[in-house]
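Asker: Could you look at this predicted model? Sequence included:
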Amino acid sequence: MLRSVLFTLLAIFVFAGCNNNNGEATNAPASVPEFTFVNMADNTPVTRTSLAIQGNVVFVFFDTGCIHCRNEITAMGENFSQFKDATFYMVSQQDKAIIADFMNTYGSKMRDQPNVHVLLDSRYEFLAKFKPMQYPALYVYGPDRKLKAFMEGENSIDQVIAAVNK
């Protein structure tokens, strides 16, 4: 529990800035790195090799206390029909109950979609492997697992739709 709190506090300090990269010079990995997260729906491991094989793969790294995450994920849900051929992996490091409450409140229009998976990063891998600098962080990888788009901070829904459908 203490470790979780310390990592969350560290992440808040790291993510405190509100600079929006929109895919410009970044440390985002050029291809999907190896990882192991837990699918909250059935507690099964999700790894690089178990990702969707068709369409774009979209990672959304969020923090349940982040107002920008709340706004962006709500907007994504309200416009979910605009996302074509993409599979979403919503990743957070918080406690399962807190993540579930967040998705019920802000991600309710996304959470039950067949192409949306809510993942728990209980081993704190995302920060080290994907290298985000702020919340929310959105990564779009093509079927070849190569980075197509990267965005940080709160973005307009039009920017998110364009990036995901790239």
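Answerer: Structure's in. What do you need? Numbers count the residues shown, from 1 in each chain.

Asker: need the strands for the chain, in chain order.
Answerer: Counting by DSSP state E, the chain forms strands over residues 36-39, 45-47, 56-61, 86-92, 116-120, 137-141, 147-152, given from the N-terminal end onward.

Asker: Take those and write them to CSV, including mean neighbour count and mean pLDDT.
Answerer: C-beta: built from backbone N, CA, C; applies to glycine. Rendered in CSV, the data for the strands of the chain read as follows (neighbours: other C-beta atoms under 10 Å; pLDDT from 0 to 100):
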stretch, mean neighbour count, mean pLDDT
strand 36-39, 18, 98
strand 45-47, 13, 98
strand 56-61, 24, 98
strand 86-92, 23, 98
strand 116-120, 22, 98
strand 137-141, 25, 98
strand 147-152, 21, 97
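
Asker: Out of the ones you listed, which gets nearest to Leu127?
Answerer: Nearest of those to Leu127, taken as C-beta to C-beta: strand 56-61 at 8.5 Å.

Asker: who touches that closest one?
Answerer: 32, 51, 73, 76, 83, 85-92, 126, 130, 132, 135-143, 145, 148, 164-166 (C-beta atoms under 8 Å, 6 or more residues apart in numbering).
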